[in-house]
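**Student:** Have a look; sequence and predicted model below, questions after that.
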Amino acid sequence: MARRKKADEMASRVRNLLAMDAAGIMRRLDARKDEMFALFSRLRSREPLLDTITSRYASGAFDQLIHLPEQEQAVVDLYYARLEELRWYFTYTEDMPGTAQLIFSKLHKRLEEAYRVLVVTLGPPMPPDGARVVDVEAVRTDATKVTAAKTLERTTASARQRRAQRSPPEQDAP
């Protein structure tokens, strides 16, 4: 029992590290996507592109991934395979900055989809304050129906109150 609990804790920590790494990469890509191509164009350096997609926890990943179930391993592998496509392109492209940005958009969309699957499968990373984010689903209601129903209730109640105030109580006929 204690061994199983230790394995579950290890898997949870691995999930969190992978989720933090992926979230950091996606955050940097979103924040820098315009600027990194401007720098690539001006400096003729791939460094802004490659630094943006650097993985913090790439070393020792295999030793850690063995703690995850097979499906989670496959999801993690898909995400990092998409990231590797982007890294390969940035490393070896001979495209001009405008074309590189177009190709990046296509590869970025594929990476975003793999990231969404990763977050759904592993869960979001633990924030620094330790508060877990709960996955919620917004339920859409028809606001006009709700408003109309509340208005109808208020109108009906008000009409009853006005009638009660105006009309004298009914007396029984003799």
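**Tutor:** Great, that's in hand.
**Student:** so what's residue 24 closest to, chain neighbours aside?
**Tutor:** Residue nearest to residue 24 in three dimensions, not counting chain neighbours: residue 56, with 6.4 Å by Cβ to Cβ, 6 or more residues apart in numbering. The C-beta positions use only the backbone N, C-alpha and C, and glycine is treated the same way.
**Student:** what do you get for residue 39?
**Tutor:** Nearest one to residue 39, counting by Cβ to Cβ, 6+ apart, is residue 48 at 4.1 Å.
**Student:** Was I right to think the one you found contacts residue 35?
**Tutor:** Yes. Using Cβ atoms under 8 Å, residue 48 makes contact with residue 35 at a distance of 7.4 Å.
**Student:** Those two: which is more packed in?
**Tutor:** Comparing residue 48 with residue 35 by other Cβ atoms under 10 Å, the one with more neighbours is residue 48, at 18 against 11.
**Student:** what sits against that one?
**Tutor:** Residues in contact with residue 48 (Cβ atoms under 8 Å, 6 or more residues apart in numbering) are 32, 35, 36, 39, 40.
**Student:** what do you get if the cut-off is 6 Å, keeping everything else the same?
**Tutor:** By Cβ atoms under 6 Å, 6 or more residues apart in numbering, the residues touching residue 48 are 36, 39, 40.
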